[in-house]
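J.: Just a sequence and a predicted model for now, questions to come.
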Amino acid sequence: MKTAYIMQKEIKESILTPKGFLWYILTSIILSILSYLFLTNSELSLLDQGQMLYMIMNFITALGILIGLVFGADAFAGEIERGTLEALFLSPASKMEIAMGKLGAAISNWGIIFAISLPYLFVVGKGGQNVLTGIVYLLILGTLLAITFSAFSMGLSARIKSMKNSLIISFFMFLLAGAPIFLSAALRRTWFGRILDLINPFADAINTFDSVVIDSQGFSYQAGRVAIICGYTLLSLWFLKRSVSGLEM
C-alpha cells in the first residue's frame, strides 16, 4: 500500500503535469511524422512492412529508455536539490518502498508511451505477418529495459545526489546503449561489434525485434538475448537497492 501511494504521488507530480504531457505530445508528433514518411515517401515506402515496423519499434524503445533515464536522474537527486527528500523520508514508507514507488511511476510512463505508439504500429505494420508478435516482444522487452535503465539512473541519482551530474552520466549511458544503431553493418560483424551487441541490452532488444519481425524466427532464437536483458534488469534492481539503502540526508 505504501509503495502504491508513493507511485500515485509520483504519477501526479511527475507524469500528469504539463512537462509530462509534453513528452507524450512530442512522441505523437514524431511517430506521426515517421509514419507519414514511411507510407508516402517514394524511397522509404519501398521498405516492406516488417522493416518499417522494426524501425518504429527501435525508436519507441529508445524513447522509453531516454525518458526512464531522465525520470530516474530526478528521482532522488531532484528531491535533494528541491529540499523535499527529508519530508519524503519522514513518511511511513521505507527507503525501498519509496524507490519502488518511484520505479513504478517510471514504468507507468513507459506504459503510456507504449499505448500511444500502438495505433502507429498497427498502421505502419498493416499487412505484415508478425505485427502482433512484434508488439508483444516490444511490450515485454520495452518494459524490462524501462525497469533496467530507470532503476540504474535512480540508483545513480541516490549515489551522486546531483541531478545535473546524474543527467550527464545517464545521457552518456543512453548514447552508449544506442551505439549499435549508428554502427555500420560491416562494423557490427567485427569482434568489437559482436561483443557490443552481446553485452548491450538495447542491442539485444533491437536484434530480437529484427529476428522476430523481419526474419520470423521463433522464441528459441531469442531466448539467449532475452535472458541477458533479464539479467541486466535484476542487476539494476540490485544496484538500486544498494544505492538507496545507503542514502542519507
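T.: Received the coordinates, thanks. Residues are numbered from 1 along each chain as shown.

J.: Helices along this structure, start to end?
T.: Using DSSP state H, the helices of the chain run over 2-10, 18-40, 49-75, 77-82, 85-89, 95-124, 131-160, 163-177, 179-182, 185-188, 191-199, 201-209, 219-245.

J.: what sits up against stretch 21-41?
T.: 44-45, 47, 52, 55-56, 59-60, 63, 67, 109, 112-113, 116-117, 120, 123-124 (C-beta atoms under 8 Å, 6 or more residues apart in numbering). Where you see a C-beta, it was placed from the backbone N, CA and C, and this is true even at glycine.

J.: again, only using 6 Å
T.: With contact meaning C-beta atoms under 6 Å, 6 or more residues apart in numbering, stretch 21-41 is reached by 44, 52, 113, 116, 120, 123-124.

J.: Closest to residue 202 out of the residues you listed?
T.: When those are compared for distance to residue 202 (C-beta to C-beta), residue 113 wins out at 15.4 Å.

J.: Mean pLDDT per element in the chain, and the minimum belongs to which helix or strand?
T.: helix 185-188 (a mean of 59; mean pLDDT, DSSP states H and E).

J.: show me what contacts the residue positioned nearest the centre of the chain?
T.: In the chain, the residue lying closest to the centroid (C-alpha atoms, centre = their mean) is residue 65, at 2.6 Å. Residue 65 makes contact with 145, 149, according to C-beta under 6 Å, 6+ apart.

J.: Please report how far it lies from residue 217.
T.: 24 Å (C-beta to C-beta, to the nearest Å).

J.: burial count for residue 28?
T.: 15 (other C-beta atoms under 10 Å).

J.: And the pLDDT for it?
T.: For residue 28, the pLDDT comes out at 90.

J.: how about stretch 154-168: buried residues?
T.: By 16 or more other C-beta atoms under 10 Å, the buried positions in stretch 154-168 come out as 154-163, 166-167.

J.: so where's the protein uncertain?
T.: 1-2, 41-48, 127-128, 179-194, 196, 248-249 (pLDDT under 70).

J.: try 50 this time
T.: Across the chain, residues meeting the criterion (pLDDT under 50) sit at 46.

J.: Quick check: closest non-adjacent residue to residue 72.
T.: Nearest non-adjacent residue to residue 72, counting by C-beta to C-beta, 6 or more residues apart in numbering: residue 153, 2.7 Å away.

J.: Cross-check the contact I'm expecting between that neighbour and residue 169.
T.: No. Between residue 153 and residue 169 there is no contact under C-beta atoms under 6 Å: 8.4 Å.

J.: circling back to that earlier point, buried ones among the contacts of stretch 21-41?
T.: So, by 16+ other C-beta under 10 Å, the buried ones in those are 52, 113, 116, 120, 123-124.

J.: Redo the residues you listed as CSV? Include distance to residue 75.
T.: Output for the buried ones among the contacts of stretch 21-41, formatted as CSV (distance: C-beta to C-beta, whole Å):
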residue, distance to residue 75
52, 35
113, 18
116, 23
120, 29
123, 35
124, 33
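
J.: just the residues you listed now: which is nearest residue 237?
T.: residue 113 (20.9 Å).

J.: show me the contacts for the closest one.
T.: 27, 64.

J.: can we see that at 7 Å?
T.: The neighbourhood of residue 113, defined by C-beta atoms under 7 Å, 6 or more residues apart in numbering, consists of 27, 60, 63-64, 67.

J.: That one and residue 241: what is the separation?
T.: With C-beta to C-beta as the criterion, residue 113 and residue 241 are 26 Å apart.

J.: Kindly report the same for residue 88.
T.: According to C-beta to C-beta, residue 88 and residue 241 sit 17 Å apart.

J.: Which residue, other than its chain neighbours, is closest to residue 205?
T.: Nearest one to residue 205, counting by C-beta to C-beta, 6+ apart, is residue 141 at 4.5 Å.

J.: how close does that neighbour sit to residue 104?
T.: With distances taken as C-beta to C-beta, residue 141 is found 19 Å from residue 104.
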